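Novice: Below are the sequence and a predicted model for it; my questions follow.
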Amino acid sequence: MTILLFLRCKQLLRIIKIYPALFFLLLFFGCNDEAITEISFPSNIETIYSGKELCVDCKGTVVLYLDGTRHSLHVFTDNSFNWPEYSLAYPTIDFKIYLGNKLPKGYSSLSEVKDFFIKREFPYSIYWDPENIFFESNRLEYVEYENKTFQIYLVSENKILSDYDIGFPSLRKSQLLEFFDVSPLEIKP
């Protein structure tokens, strides 16, 4: 095993010696693992549902991208996560949800998707992006994660601070405290 590794390294060194310019070009242009550090919000994406009023004094934003070709809207039901409670507990956190590519699985029209959010009195705005402009303009295909069809980030002034583990209550709280200095408000029944 070590002999093979040695021989491969020796071959690579020979190539580098012979073609130094080619090596540096490959090194410079060949690697596309550039981390995504900023996010933009294209203005030509339609808002199909408006949740709570615009957050003027927001401490930060959570951005969620969902590719409709691979996912349903189940994540937005109260069965998977209590969205209204989250909204009340974190009133200074804005949430932007982008539905991209095609209609989510199980839906045949945009009006059905809108009705889904209206019936639930969903607390956040939903953006419909059939052309996948949000995904492409933010180069989300280059994120390091294997699953690129569902992405969620903590964002401040267009800077991505971290991915967001919203599904784990302890991580959810600690991340919002760490990045936005926000703790959940106590909700009284």
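Specialist: Right, received. Where do you want to start? Numbers count the residues shown, from 1 in each chain.
Novice: in the sheet, who's paired with Trp128?
Specialist: Listed by DSSP bridges, the beta-bridge partners for Trp128 are Glu46, Leu99.
Novice: if I pick it, what's in contact with it?
Specialist: Trp128 is in contact with 45-48, 99, 110, 113, counting by CB atoms under 8 Å, 6 or more residues apart in numbering. All C-beta spots, glycine's among them, are computed from the backbone N, C-alpha and C.
Novice: Just the pLDDT at it, thanks.
Specialist: Here, the pLDDT recorded for Trp128 equals 95.
Novice: Just the buried residues from the contacts of Trp128, in PyMOL please.
Specialist: Buried subset of the contacts of Trp128, written as a PyMOL selection, criterion 16 or more other CB atoms under 10 Å:
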select buried, resi 45+48+99+113
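Novice: Please identify which of the contacts of Trp128 is nearest to Ser87.
Specialist: Nearest to Ser87 among these: Thr47, at 17.1 Å, using CB to CB.
Novice: From Tyr124, how far out is the closest one?
Specialist: 11 Å (CB to CB, to the nearest Å).
Novice: same check, this time on Ala35
Specialist: In terms of CB to CB, Ala35 sits 26 Å off from Tyr124.
Novice: and what of Leu54?
Specialist: Per CB to CB, Leu54 is found 11 Å from Tyr124.
Novice: So the two - more neighbours on which side?
Specialist: Remark: of Leu54 and Tyr124, Tyr124 carries more neighbours, 21 against 9, as counted by other CB atoms under 10 Å.
Novice: who are the neighbours in contact with the more buried one?
Specialist: Per CB under 8 Å, 6+ apart, neighbours of Tyr124: 51-52, 83, 87, 95-97.
Novice: Which members of the contacts of Trp128 are the farthest-apart pair?
Specialist: Across the contacts of Trp128, no pair lies farther apart than Ile45 and Val113, at 14.4 Å, counting by CB to CB.
Novice: how about Phe179, secondary structure?
Specialist: Secondary structure assignment for Phe179 (DSSP: H, G, I helix; E, B strand; the rest coil): helix.
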